[in-house]
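A.B. asks: Just a sequence and a predicted model for now, questions to come.
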Amino acid sequence: GESVGLHLPTLSVQEGDNSIINCAYSNSASDYFIWYKQESGKGPQFIIDIRSNMDKRQGQRVTVLLNKTVKHLSLQIAATQPGDSAVYFCAENSNDYKLSFGAGTTVTVRA
Amino acid sequence: DSGVTQTPKHLITATGQRVTLRCSPRSGDLSVYWYQQSLDQGLQFLIQYYNGEERAKGNILERFSAQQFPDLHSELNLSSLELGDSALYFCASGLEGFSGNTIYFGEGSWLTVV
């Protein structure tokens, strides 16, 4: 069935290093993907999105890569900062009008 | 600030009671989504409305209902509350109601059932 999942529930990264958060999805009909960041006690915050006709998209310090062949999505954060500590969710949107979320990866930045 | 407003931010109520959560979408957005987030379930889609009409339904219990009003604000009604309903309830809004729609979340309503 349809599912969106993350490879690792937690990620610890040294401040200044690059972070890579992975996500696998199973619905081949999904055509739109979003990464959200959720800080403690707050709502998910939009980071970056990508459509299925692209394989890479860059934002400010973030890059999303999409590999449709293996149904894999990743979020790369450059020069990770303490403010990047949060839970990161990938979400997919197929043709059923909703976003399905993965379980989330908790990123902890070490000073 | 996403532009999505949710009230109340926190509420505590007893089992068996009923509560109403309110959401005002971003200006210009026609779609409203409701999600439930609990520690062991992640973000679970409940229901979506587009321009006043129900568009999609997820894992929403029969004790829960929602509606979207002509001014596009939405309410989520939770009745016969159980301890397991304690969770963070998010509203999100989006411009349109079809696939490929970026949605923006409010800060959530913390519900504690005691």
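C.D. replies: On my side now, so go ahead.
A.B. asks: At the geometric centre of chain B, which residue do we find?
C.D. replies: Chain B has residue B:34 as the residue nearest its centroid, 3.1 Å off, counting by C-alpha atoms, centre = their mean.
A.B. asks: Excluding residues flanking it in the chain, which one is nearest that residue?
C.D. replies: Nearest non-adjacent residue to residue B:34, counting by C-beta to C-beta, 6 or more residues apart in numbering or on different chains: residue B:46, 4.2 Å away. (Glycine included, C-beta is placed from N, CA and C.)
A.B. asks: Quick check, the one you found in contact with residue B:59.
C.D. replies: Yes: under the criterion of C-beta atoms under 8 Å, residue B:46 makes contact with residue B:59 at 6.8 Å.
A.B. asks: These two: who's more crowded?
C.D. replies: Using other C-beta atoms under 10 Å in any protein chain shown as the criterion, residue B:46 and residue B:59 rank with residue B:46 on top: 21 against 11.
A.B. asks: For the more buried one, I want the exact helix or strand it lies within.
C.D. replies: Assigned by DSSP states H and E, residue B:46 belongs to strand B:42-50.
A.B. asks: Please apply the same query to residue B:55.
C.D. replies: strand B:53-57.
A.B. asks: relative to strand B:42-50, how tilted is that strand?
C.D. replies: If you take axes from the mean of the first three to the mean of the last three C-alpha atoms, to 10 degrees, strand B:53-57 sits at 150 degrees to strand B:42-50.
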